[in-house]
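>>> Based on what follows, work out the 3D shape:
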Amino acid sequence: MKKSIVITFVTLVLAFVSCTKPLPYTADNQLLEENPCLVGEIQMEMKLPLGFKIISQSYTDSIAAIRALENPFDMKLLRIFADTILHANISLSDMRHIPYEKTENDLDFYKTTYNANGFWDQVTIERYHSENYPRIVLLEMQNSSKTLVRGLFYNDTKAQFCLDYYFPTVFYADFMPFVQASIASIQPNYEIQIQLE
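Okay, the predicted model is just below:
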């Protein structure tokens with residue numbers, strides 16, 4: 001009986017991974033800020049596209065508090081980065097407290113979940129994996145003025161964090177290589193960070 005369960009589990013894992021494609025992006029350092037951004041709360045690091053800077057943590061925390069009041073089951077906003085010249089921003093949110101079933105249900109019905117009010121003209125989904133993350137789901141939402149690229153990054157069991165790249169659609173062709181390079185730069189970082197006051 002134990003062998004049957006183990007074989008079934010291994011088969012399911014292999015089937016799951018085979019449904020995804022390898023992440024086709026590379027971390028082109030010419031398109032990225034030099035120093036990685038470390039996010040200890042979710043044990044990851046990433047490089048931002050050139051020109052992006054972190055927004056003050058107190059401002060981010062105030063937005064996160066408002067979001068939590070509106071919907072306590074929503075993702076927890078951790079960081080906001082902005083490029084004021086492009087009028088673009090990136091937000092990073094913690095998803096570890098969101099049940100697996102909710103995330104998967106949202107993805108199963110992604111066209112209605114992520115476009116309930118009809119704001120986007122187009123919503124697409126792609127599923128990938130990388131050497132660092134067994135599953136990466138990328139949603140791309142676009143209308144004539146705005147584009148949102150949302151990445152959900154999974155460990156072996158569920159989504160761990162979400163990255164939203166939000167920018168004017170007019171810059172789509174020029175800016176997407178920066179987004180793709182940034183996504184490719186994301187990796188786990190298990191360093192312990194201690195802040196001394």
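>>> Please count neighbours and contacts with C-alpha atoms only from this point.
Noted.
>>> Just the helices from this structure, written as ranges.
With helices called from DSSP state H, the chain shows them at 2-18, 57-70, 100-108, 110-113, 172-185.
>>> who's in contact with the shortest one?
In this case it means helix 110-113. With contact meaning C-alpha atoms under 8 Å, 6 or more residues apart in numbering, helix 110-113 is reached by D106, L107, V123, T124, I125.
>>> per-residue confidence averaged over that helix?
Averaging pLDDT along helix 110-113 yields 90.
>>> List the buried residues of that helix.
By neighbour count on 16 or more other C-alpha atoms under 10 Å, the buried set for helix 110-113 is Y110, K111.
>>> how about the CA coordinates for it, as CSV?
C-alpha atoms of helix 110-113 as CSV (Å, rounded to 0.1, in the frame of the first residue of the first chain):
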residue,chain,number,x,y,z
TYR,A,110,-8.7,33.7,-14.3
LYS,A,111,-10.6,35.5,-17.1
THR,A,112,-13.4,36.4,-14.7
THR,A,113,-11.4,36.5,-11.5
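>>> Can you pull the poorly scored residue ranges out of the protein?
Scanning the chain for pLDDT under 70 picks out 1-18, 191-197.
>>> Of the helices of the chain, flag the one that's most buried.
Among these, ranked by average contacts under mean count of other C-alpha atoms under 10 Å, first place goes to helix 172-185 (a mean of 18).
>>> What is that one packed up against?
If you count contacts as 3 or more C-alpha pairs under 8 Å, 6 or more residues apart in numbering; DSSP states H and E, helix 172-185 packs onto strand 44-46.
>>> change it to 10 Å
Helix 172-185 sits against strand 44-46, strand 135-142, strand 146-154, strand 159-168, with contacts defined as 3 or more C-alpha pairs under 10 Å, 6 or more residues apart in numbering; DSSP states H and E.
>>> now the second one: how far from the chain's centre is it?
I take that to be strand 135-142. Centre-to-centre, strand 135-142 and its host chain are 8 Å apart (C-alpha atoms, centre = their mean, to the nearest Å).
>>> Repeat that for the longest one.
The chain centre lies 4 Å from the centre of strand 159-168; the measure is C-alpha atoms, centre = their mean.
>>> Sweet, I'm off.
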